[in-house]
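Trainee: mind looking at a prediction? Sequence and model below.
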Amino acid sequence: MRLGVLDIGSNTVHLLLVDAFPGARPTAFASYKQQLSLVRYLDPRGAVTDEGRQALLSFVDEAVDFARRHRAEDLLAFCTSALREALNGPDIIREVERLSGVKLQELTGEEESAMTFFAARRWFGWGVRDLMVLDIGGGSFEVAIGRNEFPDLAVSMPLGAARLTKDFLTGDPPKKALVGRLRDYIAGVIEEPLNRFANEVEPDLVVATSKTFRTLARMSGAASEADGPFLVRTLSLKDVRKWAQKLVSLSFDERAELDGVSPIRAPQLLAGAVAAEMVMEKLGVKEVRICPWALREGLLMHRFDRLLRDYDVIDDEYAGVGDVDALKENLHLVPPAR
């Protein structure tokens, strides 16, 4: 069946359609996205501006039309930290449902982390016993560890690349004093959450997801995404530290000339690199393996598992582990085009 997931993220809004069949690897069918950074549409009070609200409503209408034209049989829609934490976020969520029929589900940071971990576990499989997953988004930074399908410990920190850039790094390029303030802030934020990992077992593999980590890996010599998802891509702390220092003196235009860096992502790359460096150092992580699957894929696969169960495609009980149910009951089905 053809499943869709609509991701209202802090950096982009993205619809992904996937064809899924029992016992088969999910295959991407089509995607539709816009570089709509909701973080940049927040006013001083922390509310999404009218311009941002209208842009979001227009995209949701276009995405639903895209899903119907491509005969999606099921659509799961969710939003992450930027809309979840916006002063007028609840009002916008209700307006989206009223105008488009799409019920946006608000994922907590811990649910984001759990479902991203689930995707990474499915990608790397049971050949890895203890798995750790790092994920930098536009609004938050998640870390999770565990040996089952869902993590034993998952934390979410307000250290997304877009958020940190907006709050700390003004100027092109920003002054070094601002980068120092950013480092002081990150050090204070990560202390308590990451100390909780001290009592966990040492992971057999640490993986990283998200555009920030993928971009840093590409800048450090990893293969392009155009070469496909099955190549091994790694990123060392040494390289992250190098870029966190080098990017300080590069303008946005100069950053955009680097391998894998888009003009819209260039301004926030420094903040992402600094956050990645400090979290990896705090956790004692020397290298990460890049995972091509992340939150969207995790939600899609979890949804498909539930559909298999609910429609009796399989007979045995669902074998999910853990108590994080990111799907709840808020699912919106898109009728096929007529």
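Mentor: Perfect, thanks for sending it. Numbering: from 1, shown residues only.
Trainee: alpha carbons only for contacts and neighbour counts from here, please
Mentor: OK.
Trainee: and M219, how far is that from G137?
Mentor: Distance, M219 to G137, using C-alpha to C-alpha, to the nearest Å: 18 Å.
Trainee: more neighbours: those two, which one.
Mentor: Taking other C-alpha atoms under 10 Å, M219 and G137 do not tie; G137 has more neighbours (25 against 19).
Trainee: show me what contacts the more buried one?
Mentor: Counting by C-alpha atoms under 8 Å, 6 or more residues apart in numbering, G137 makes contact with S10, N11, G160, A161, A162, S210, K211, T212.
Trainee: for the fifth one, which non-adjacent residue is spatially closest?
Mentor: Right, the one you point to is A162. In space, A162 comes closest to G138 once its chain neighbours are excluded; the distance is 4.7 Å by C-alpha to C-alpha, 6 or more residues apart in numbering.
Trainee: test my guess that the one you found contacts P158.
Mentor: No. Shown here, G138 and P158 do not form a contact pair, counting by C-alpha atoms under 8 Å, at 9.4 Å.
Trainee: where do the strands sit along the stretch 201-338 of the chain?
Mentor: Counting by DSSP state E, counting those that start in this stretch, one finds strands in the stretch 201-338 of the chain at the ranges 205-209, 234-236, 287-290.
Trainee: can you tell me which helices and strands the first one packs against?
Mentor: Just to be clear, that refers to strand 205-209. strand 131-136, strand 287-290 (3 or more C-alpha pairs under 8 Å, 6 or more residues apart in numbering; DSSP states H and E).
Trainee: now find how far off-centre the shortest one is within its chain.
Mentor: Okay, so that is strand 287-290. On the basis of C-alpha atoms, centre = their mean, to the nearest Å, strand 287-290 is displaced by 16 Å from the centre of the chain it belongs to.
Trainee: just the strands of the stretch 201-338 of the chain: most buried one?
Mentor: Mean neighbour count, computed with mean count of other C-alpha atoms under 10 Å, is highest for strand 205-209 among the strands of the stretch 201-338 of the chain, reaching a mean of 23.
Trainee: got the contact list for that strand?
Mentor: Taking C-alpha under 8 Å, 6+ apart as the rule, strand 205-209 contacts 120, 128, 130-136, 285, 287-294.
Trainee: and what of stretch 266-286?
Mentor: Under C-alpha under 8 Å, 6+ apart, the answer for stretch 266-286 is 136, 159-162, 164-165, 169, 172, 182-183, 186-187, 190, 194, 197, 206, 212-213, 216, 236-238, 240-241, 243-244, 247-248, 252-253, 255-256.
Trainee: P193 touches P158, doesn't it?
Mentor: No. The criterion here is C-alpha under 8 Å, and P193 misses it with P158 at 11.3 Å.
Trainee: the two: which is more packed in?
Mentor: P158 (19 against 13).
Trainee: residues shared between the contacts of G138 and P158?
Mentor: Common neighbours of G138 and P158 (C-alpha under 8 Å, 6+ apart) do not exist.
Trainee: where does pLDDT dip in this protein?
Mentor: Counting by pLDDT under 70, the chain contains low-confidence residues at 311-338.
Trainee: show me where it has helices.
Mentor: Assigned by DSSP state H, the chain shows helices spanning 50-69, 81-85, 89-100, 109-124, 161-168, 176-195, 211-219, 237-246, 252-256, 269-283, 295-310.
Trainee: next, the buried residues of the last one.
Mentor: Spelled out, it's helix 295-310. For helix 295-310, the neighbour count (16 or more other C-alpha atoms under 10 Å) marks L295, R296, E297, G298, L299, L300, M301, H302, R303, F304, D305 as buried.
Trainee: and if you look at the fourth one?
Mentor: Of all the residues in helix 109-124, those buried under the rule 16+ other C-alpha under 10 Å are 109-123.
Trainee: show me the contacts for the residue nearest to A162.
Mentor: If a contact means C-alpha under 8 Å, 6+ apart, then G138 has G9, S10, N11, V39, A82, G160, A161, A162, R163 as its contacts.
Trainee: any idea how the chain splits into domains?
Mentor: 2-106, 110-290 (automatic domain parsing).
Trainee: distance to R309 for those - can I get that in a markdown table?
Mentor: Putting those into a markdown table (distance: least, C-alpha to C-alpha, whole Å) gives the following:
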| stretch | distance to R309 |
| --- | --- |
| domain 2-106 | 11 |
| domain 110-290 | 17 |
